[in-house]
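Trainee: Give me the fold of what follows.
(2 chains)
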Amino acid sequence: MTQVLLTAEGLEVSRNDRFLIGALDLVVRRGDCWALTGPNGSGKTTLLRALAGLHSEYSGRLSLAPQAFLGHKPALNLLLSPRANLEWYAALVGTSARAEERLAAVGLESSSRVPCGQLSAGQQRRVALAALALQPAPLWLLDEPHTALDVSGQALLDSLLHGHLARGGAVVCATHQPLDQTGRFQQLAEPGIDIKQGMALRRWQPRNG
Amino acid sequence: MVSRLFRAELRRALQLLWRSPADVLNPAAFFVLGLTLFAIGFGGAPDALGAFAAIVIWILVLLAALLSVESMFRREYEEGVLEQWLALGEPLFVAVLAKLLAYWLVLGGVFLVLAPFAAMALFLPSAAWPALFLTLLIGSPSVLAVAAIGAALTVGVGRGGVLLTLLVLPFLIPVLIFSASAITAAQQGLPHSGALLWLGVILTLTLTTAPFLIVGALRIGVEQ
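Mentor: I've put the predicted structure just below:
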């Protein structure tokens, strides 16, 4: 089992000819949880999209394991029910859906047959988390996953991250919210990576209890 | 793996069409209204109408198909499903083919069901009916596939309807010409298998190239 899930060497990312990120060296290993912070417009989303293969305006070397990506958009078919969405995701990645069980795990068992478009933003986010959890990819690339989640939703996200890291997965997560806000993560005492003024990657680890 | 993906995408595409029937009913209504207006407008002159029936039906088919295909990938784009397709590294052309098949099954089916009524309303001689069905059967998937390239190119443009029509319509003229000439030839009792074979050639060409062009166009749309 390979330990390194993502390697970026001298990664330079620009968007519409505007230079955003220069010469980033990053190695993500199993069990790593990286938080990417930076002000609005600094290029967090663009960097994550480049890592996810959704943005090709970059130079440098980039190799990565199969990844699951959750961006700003809910990534759900809003006309279809949460159940149908999970079944579709399961078919795409070749796993069993067990939709009812997974929806119960995110607290949506009662609305498994309502079209996703009729759910609230937070509920849609929960369905997206359930879809994320069913993908076997070891590397999760999350773009502001806390958006629209209530307190219990954020606890749910923390548990998902804990479980994923414990199974040997890795996470790169763009966020405005310090991961220790719920007390379930602690920052490692190491310098991390400063990408540019105000934008940084820091490594965190789960804290039990 | 490819067949699993194809089945999942076909199922999803059909579910989506079922859940938003306007994507198909609007073009169908447009088709019927257009026919009605032509039939009323030419009212007293069945002979004149019969001479133009083939071209009228096919122009309406083209425009109705464009109307329907315009939103083919827009929902996926806005909901972030397109991003998931690309991020998951699945062969996107399989998803695109499934989507095309779903649209053809539904929209092509609608055209075939409406064809006899269209033929009657426009006084198309019964000798030309088989040709009409065959051109619809062979020609409509080409129309959908080519229109889908335009839909993929305009996926990031808010309302790309007119742009889509401008981009795509010139490439659909061969289908229009061969279909209309096949039906007209059949009307006059002339051999028309040549035009049908040309439609087959166009279908082969579009089905083998369009999915890849659509994938490329969608990728550009997502990366914007």
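Trainee: Next one, pLDDT for residue 94 please.
Mentor: Picked chain A for this. Residue A:94 carries a pLDDT value of 84.
Trainee: switch to chain B, that's the one I care about
Mentor: Looking at residue B:94, its pLDDT stands at 89.
Trainee: so who does the residue in chain A positioned nearest to chain B touch?
Mentor: When scored by Cβ to the nearest Cβ, chain A has residue A:73 as its residue closest to chain B, at 2.8 Å. Quick note: C-beta positions are derived from backbone N, CA and C, even for glycine. Listed by Cβ atoms under 8 Å, 6 or more residues apart in numbering or on different chains, the contact set of residue A:73 reads B:78, B:79, B:80, B:83.
Trainee: Buried members of those into PyMOL, please.
Mentor: To isolate the buried ones among the contacts of residue A:73 in PyMOL, judged by 16 or more other Cβ atoms under 10 Å in any protein chain shown, type:
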select buried, chain B and resi 79+80+83
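Trainee: ok, which of the contacts of residue A:73 also contact chain A?
Mentor: Contacts with chain A within those, counted by Cβ under 8 Å from any Cβ of the partner chain: B:78, B:79, B:80, B:83.
Trainee: tell me which of the residues you listed is nearest to residue B:170?
Mentor: residue B:78 (28.0 Å; Cβ to Cβ).
Trainee: The closest one is in what secondary structure piece?
Mentor: Assigned by DSSP states H and E, residue B:78 falls within helix B:74-79.
Trainee: The chain: helices as residue ranges?
Mentor: Going with chain A. Assigned by DSSP state H, the helices in chain A fall at A:44-51, A:82-93, A:99-105, A:121-134, A:151-166.
Trainee: hm, I was asking about chain B
Mentor: B:2-19, B:22-41, B:46-69, B:74-79, B:81-87, B:92-103, B:109-121, B:129-153, B:161-187, B:193-223.
Trainee: tell me the angle the first one makes with helix A:82-93.
Mentor: When axes from the mean of the first three to the mean of the last three Cα atoms, to 10 degrees is applied, the directions of helix B:2-19 and helix A:82-93 differ by 160 degrees.
Trainee: and helix B:2-19, what does it pack onto?
Mentor: In this structure, helix B:2-19 makes packing contacts with helix A:82-93, helix B:92-103, judged by 3 or more Cβ pairs under 8 Å, 6 or more residues apart in numbering or on different chains; DSSP states H and E.
Trainee: The first one vs helix A:121-134, what angle?
Mentor: Translated: helix A:82-93. Orientation check (the same axes, to 10 degrees): helix A:82-93 against helix A:121-134 gives 30 degrees.
Trainee: helices or strands up against helix A:82-93?
Mentor: Counting contacts by 3+ Cβ pairs under 8 Å, 6+ apart, helix A:82-93 is packed against helix A:99-105, helix A:121-134, helix B:2-19.
Trainee: quick one: buried residues of the second one?
Mentor: Think helix A:121-134. The neighbour-count check on helix A:121-134 (16+ other Cβ under 10 Å) flags A:123, A:124, A:125, A:126, A:127, A:128, A:129, A:130, A:131, A:132, A:133, A:134 as buried.
Trainee: which residues touch the nearest residue to the second one once chain neighbours are set aside?
Mentor: Pointing back at residue A:124 there. Of all residues not flanking residue A:124 in the chain, residue A:74 sits nearest, at 4.4 Å (Cβ to Cβ, 6 or more residues apart in numbering or on different chains). Applying Cβ under 8 Å, 6+ apart, one finds that residue A:74 lies in contact with A:116, A:121, A:124, A:125, A:127, A:128, B:79, B:80.
Trainee: so can I have JSON lines of those showing distance to residue B:153?
Mentor: Listed next are the contacts of residue A:74 as JSON lines, based on distance: Cβ to Cβ, whole Å:
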{"residue": "A:116", "distance to residue B:153": "27"}
{"residue": "A:121", "distance to residue B:153": "30"}
{"residue": "A:124", "distance to residue B:153": "29"}
{"residue": "A:125", "distance to residue B:153": "31"}
{"residue": "A:127", "distance to residue B:153": "30"}
{"residue": "A:128", "distance to residue B:153": "28"}
{"residue": "B:79", "distance to residue B:153": "19"}
{"residue": "B:80", "distance to residue B:153": "19"}
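Trainee: Quick check: phi and psi on the residue nearest to residue B:84 when sequence neighbours are not counted?
Mentor: Using Cβ to Cβ, 6+ apart and skipping the chain neighbours, the partner closest in space to residue B:84 is residue A:75 (4.9 Å). Main-chain dihedrals, residue A:75, degrees, to the nearest 10: phi 60, psi 40.
Trainee: what residues are up against residue A:75?
Mentor: Applying Cβ under 8 Å, 6+ apart, one finds that residue A:75 lies in contact with A:128, A:131, B:79, B:80, B:81, B:83, B:84.
Trainee: in chain B, which ranges drop under the pLDDT threshold?
Mentor: B:44 (pLDDT under 70).
Trainee: Against residue A:97, how distant is the closest residue to chain A within chain B?
Mentor: Chain A sits closest to residue B:80 of chain B, with a gap of 2.8 Å, by Cβ to the nearest Cβ. Here the criterion is Cβ to Cβ, to the nearest Å. By it, residue B:80 lies 20 Å from residue A:97.
Trainee: Can you tell me which residues in chain B are near chain A?
Mentor: For chain B, the residues in contact with chain A (Cβ under 8 Å from any Cβ) are B:1, B:4-5, B:7-8, B:11-12, B:15-16, B:19-20, B:75-76, B:78-81, B:83-84, B:86-90, B:222-223.
Trainee: which residues touch the spatially most central residue of chain B?
Mentor: Residue closest to the average C-alpha location in chain B (Cα atoms, centre = their mean): residue B:144, at 3.3 Å. Contacts for residue B:144 (Cβ under 8 Å, 6+ apart) come out as B:65, B:69, B:100, B:103, B:104, B:107, B:108.
Trainee: Neighbour count and distance to residue B:125 added to those residues, as JSON lines?
Mentor: Putting those into JSON lines (neighbours: other Cβ atoms under 10 Å in any protein chain shown; distance: Cβ to Cβ, whole Å) gives the following:
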{"residue": "B:65", "neighbour count": "26", "distance to residue B:125": "25"}
{"residue": "B:69", "neighbour count": "26", "distance to residue B:125": "31"}
{"residue": "B:100", "neighbour count": "24", "distance to residue B:125": "33"}
{"residue": "B:103", "neighbour count": "25", "distance to residue B:125": "31"}
{"residue": "B:104", "neighbour count": "19", "distance to residue B:125": "28"}
{"residue": "B:107", "neighbour count": "25", "distance to residue B:125": "26"}
{"residue": "B:108", "neighbour count": "20", "distance to residue B:125": "24"}
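Trainee: which phi and psi does the residue nearest to residue A:124 have?
Mentor: Torsion angles at residue A:74 (phi, psi; degrees, to the nearest 10) stand at phi -70, psi -20.
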